[in-house]
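Undergrad: Could you look at this predicted model? Sequence included:
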Amino acid sequence: MRIPRPLPGALGLLGSAGLAAAGLRGYAALVAGRLNRTTLPPPYPVTAADRRAHDRLTVVDLHADSLLWGRDLRRRAATGHLDLPRLREGGVALQVLAAVTHTPFGAGLADNDTGRDLVTALAVARGWPVRTWRSRLQRALHLARRLEELVEAEAGRLLAVRRAGDLDELLAGRHRDPGLVGAMLALEGCQALEGDLDNLDVLVAAGYRMVGLHHLADNELGGSAHGRHRGGLTRFGRDVVRRAQSRGVVVDVAHSSPAVVRDVLDVTTAPVVVSHTGLRSVWDNPRNLSDELARQVAATGGLLGITFFEPAVDGDDVAAVARTLRRAADLVGVEHLALGSDFDGAVTTPVDVTGLPLLTAALRRHGFSGPEVAAVAGGNALRVLGRVLPR
């Protein structure tokens, strides 16, 4: 997720005094629509041949922030990037849904202070339980409960993925019902731990199976790529990595400082994931990963989830995403690539989730073979998740 700088008239105003609760909720929804846009609006011009080729894939997306904004994800929306009807139309088998619990006001690509927190304003505006207004842990638990409610309401057509066996169940179920979708919870930024290692166990019990160590600000684990200190892992950070991996939780270093990434690579005992990233050799900015660190992540058996938006990639269309994936394939090998859209992450993406057939067609135009497209679209992610998640 990225909150652009500056934010005139956006989330920073959600806490304005005098707005009624209903007005706040409506304003929050309006802001969410303005922040989560596409370059090309749907419906998308997908040929019959591209549709058939895409429908043969098992698509996995490693990162979306759709739980945050409070939309009813059972209903097709005209704004934002995804919901369950659009996930099904886009052919997505497994969507990783991230929980953001802290975002500093005015956050940009670098030198962010912890500052005033925008998620607090969003929690108030969207009518989240009062316990979430001050507690980052309670925010993460609230979003986990939102997913539980979706699973219950979908009555067998939405599967919460918590174990490796759930992946097998998901794939078998999609043979019977191609509309079956899996969802896995991820934490984006460990402010939700509130400095207590035991809170990681609380979140694991709530269903979290991927832990992004950082988001847009430094925290108790070490430096964010976008923070002021950009230091390495603290002792607490090392303890979090070790305990997460001992619990079968994927460690995600998207948004972590280069020093943190290096320290994680020193202590890891499992594949490491960068759930949504670009490459500095494509666009040099703190958001992206250096070629050296990309190779080292791949050497753990891990994944680079290439994201969809500028300035992570060098353009605002699906061809730009495909070019970055081509560069990454040449750098680390196709077997270490995945999709990490950052849908609903306060970004403008080329398409919403229903436009994914355009991306998989673009991969073929950029030299990926049919089996390689299948690997990038989801096969690699399924392999790594199956290795890391608890049995």
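TA: On my side now, so go ahead.
Undergrad: Please, where are all the strands along the stretch 251-391 of the chain?
TA: 272-277, 303-306, 337-339, 348-349 (DSSP state E, counting those that start in this stretch).
Undergrad: Kindly provide the whole-number mean pLDDT of the shortest one.
TA: Predicted confidence along strand 348-349 averages 98 (mean pLDDT).
Undergrad: okay, G23: pLDDT?
TA: pLDDT recorded at G23 is 52.
Undergrad: Then P45?
TA: On the pLDDT scale, P45 gets 95.
Undergrad: how close does it get to L359?
TA: According to C-beta to C-beta, to the nearest Å, P45 stands 13 Å off from L359. (C-beta placed from N, C-alpha, C; glycine too.)
Undergrad: between these two, who's got more neighbours?
TA: L359 (25 against 9; other C-beta atoms under 10 Å).
Undergrad: In contact with the residue positioned nearest the centre of the chain: list those residues for me.
TA: Centroid check for the chain by C-alpha atoms, centre = their mean gives H63 as the closest residue, at 2.0 Å. Shown in contact with H63 (C-beta atoms under 8 Å, 6 or more residues apart in numbering): 96, 98, 186, 188, 254, 275-276, 305, 307, 340-343, 345.
Undergrad: tell me which element it falls in.
TA: strand 59-64 (DSSP states H and E).
Undergrad: now swap in G227 and tell me
TA: Using DSSP H and E, G227 falls outside every helix and strand.
Undergrad: pretty sure it contacts D218?
TA: Yes. Using C-beta atoms under 8 Å, G227 is in contact with D218, at 3.6 Å.
Undergrad: who touches both of those two?
TA: Here G227 and D218 have no joint contacts, going by C-beta under 8 Å, 6+ apart.
Undergrad: more neighbours, these two?
TA: G227 (27 against 22).
Undergrad: Tell me who's in contact with that one.
TA: D111, N112, H214, L216, A217, D218, S257.
Undergrad: which one among the residues you listed gets closest to L68?
TA: The closest of the contacts of G227 to L68 turns out to be L216 (C-beta to C-beta; 13.5 Å).
Undergrad: Give me the pLDDT value at that closest one.
TA: With respect to pLDDT, L216 has a value of 94.
Undergrad: swap in G9?
TA: G9 is assigned 32 on the pLDDT scale.
Undergrad: Residue numbering should commence at 44 henceforth.
TA: Taking 44 as the first residue, the last one we looked at is G52.
Undergrad: Just flag the most distant two among the contacts of G270.
TA: For the contacts of G270, the maximum inter-member distance is 14.5 Å, found between D154 and H257 (C-beta to C-beta).
Undergrad: Please say which of these two ends up with more neighbours.
TA: The residue with more neighbours, out of D154 and H257, is H257; 27 against 12, by other C-beta under 10 Å.
Undergrad: Next, that one: phi, psi?
TA: For H257, the backbone dihedrals (degrees, to the nearest 10) come out as phi -140, psi 160.
Undergrad: That one contacts E263, correct?
TA: No. Here H257 lies out of contact with E263, judged by C-beta under 8 Å, at a distance of 10.6 Å.
Undergrad: what residues do these two have in common as contacts?
TA: Common neighbours of H257 and E263 (criterion: C-beta under 8 Å, 6+ apart): C233.
Undergrad: where along the stretch 44-193 of the chain do the strands fall?
TA: Per DSSP E, counting those that start in this stretch, the stretch 44-193 of the chain carries strands over the ranges 80-81, 102-107, 135-143.
Undergrad: Please enumerate the helices of the protein.
TA: Using DSSP state H, the helices of the chain run over 64-78, 91-98, 127-132, 161-168, 179-197, 207-219, 241-248, 278-289, 301-310, 334-342, 361-375, 399-408, 413-417, 423-431.
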